[in-house]
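Trainee: take a look and give me a structure for this.
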Amino acid sequence: MGKPALWEVSTQDGHVAGWLLGTVHVLPAGTRWETPRLDEALAKAGVLVVEVRDLGDSEAIAGIFRSLATDNPGPPLDLRLAPAERARLDALLERDDVDPDRFDGLETWGAALAIAQLDQSGDAANGADRVLLSQFKGRPIEELEGARAQLSIFDRLPAKDQHDLLMGVIDESNAGPQAQEQLAQAWLRGDTAEIEDLSRRGILSYPDLYKALLLDRNKAWVGKVAALLSSGRRPFVAVGAAHMLGDDGLPALLRARGFKVRRVQ
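Mentor: Here you go, the predicted model:
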């Protein structure tokens, strides 16, 4: 049974105001990670806070993706890459037996996200966020971004950053499913040091992508989370594990706002 990292957030007078859980969005079927301490926090929580609330509405999310990713596709994907980069992409697509023209109608960021799905290990239906959404059905759920706002972050990336995103995805895909399994196992153990090391590779190794996809989002989220913590609603905040780590993570940002944050699992 897993034991993922869980943080308790308190006010300065010691009143428990909420909890933080870093999630992984894809897990193998049958993975067990619920614990008595986690169940206790969920039972006491007044509202679940996630990145995207309607994860189960795949048709609506796919429609948003298509509307954003196909409105300005540019030239064929391979013509957007240097010869050496093109060779890396072609090798990846050949390995997975994917038509190299399949992504030509997408903007570069859209192609990157689509390619990332090719070697996905596990099933998004088993992701921790979806499990929590299911458990909170009928109870208050709030989202920090929503699907359109989240995908719009990628859509607004400059061309250079979209290119770097694609190359980072290719690097991560070439690392194979064992890298995803390593991350999942580190998450199950609650090994935040290894999670931070693994998550800072690939796309987050590019400084501009780190800023756009992690730092800027954390800064946008922390005000919303702090307001919920101060409201007495006892939020259970469950977002991607990378958003919880290091000096730029939500625990550190909340401490800077005067909250007490301690790891309880």
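Trainee: please make it C-alpha for all contacts and neighbour counts, starting now.
Mentor: Fine.
Trainee: and the strands in the protein?
Mentor: 6-10, 16-23, 47-50, 141-143, 235-240, 260-263 (DSSP state E).
Trainee: and the ones you listed: which comes nearest Ser67?
Mentor: strand 141-143 (21.2 Å; CA to CA).
Trainee: just how off-centre is the closest one within its chain?
Mentor: Strand 141-143 sits 16 Å away from the centroid of its parent chain (CA atoms, centre = their mean, to the nearest Å).
Trainee: avg pLDDT for stretch 235-245?
Mentor: Here stretch 235-245 scores 96 as its mean pLDDT.
Trainee: which residues touch it?
Mentor: With CA atoms under 8 Å, 6 or more residues apart in numbering as the test, stretch 235-245 has contacts from 17-25, 41-42, 45-51, 129, 187, 192, 195-196, 199, 214, 218, 225, 228-229, 249-251.
Trainee: again with stretch 84-100
Mentor: Here stretch 84-100 has contacts from Asp78, Leu118, Met167, Ile170, Ser173, Asn174, using CA under 8 Å, 6+ apart.
Trainee: buried sites along that stretch?
Mentor: Buried residues in stretch 84-100, defined by neighbour count with 16 or more other CA atoms under 10 Å: Arg86, Arg88, Leu89, Asp90, Leu92, Leu93, Pro100.
Trainee: out of these, which sit inside helices?
Mentor: Those of these mapping onto helices are Arg86, Arg88, Leu89, Asp90, Leu92, Leu93, per DSSP state H.
Trainee: got these as a markdown table, with distance to Asp71 and pLDDT columns?
Mentor: Below are those laid out as a markdown table (distance: CA to CA, whole Å; pLDDT from 0 to 100):
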| residue | distance to Asp71 | pLDDT |
| --- | --- | --- |
| Arg86 | 23 | 93 |
| Arg88 | 26 | 91 |
| Leu89 | 23 | 92 |
| Asp90 | 24 | 91 |
| Leu92 | 26 | 90 |
| Leu93 | 24 | 91 |
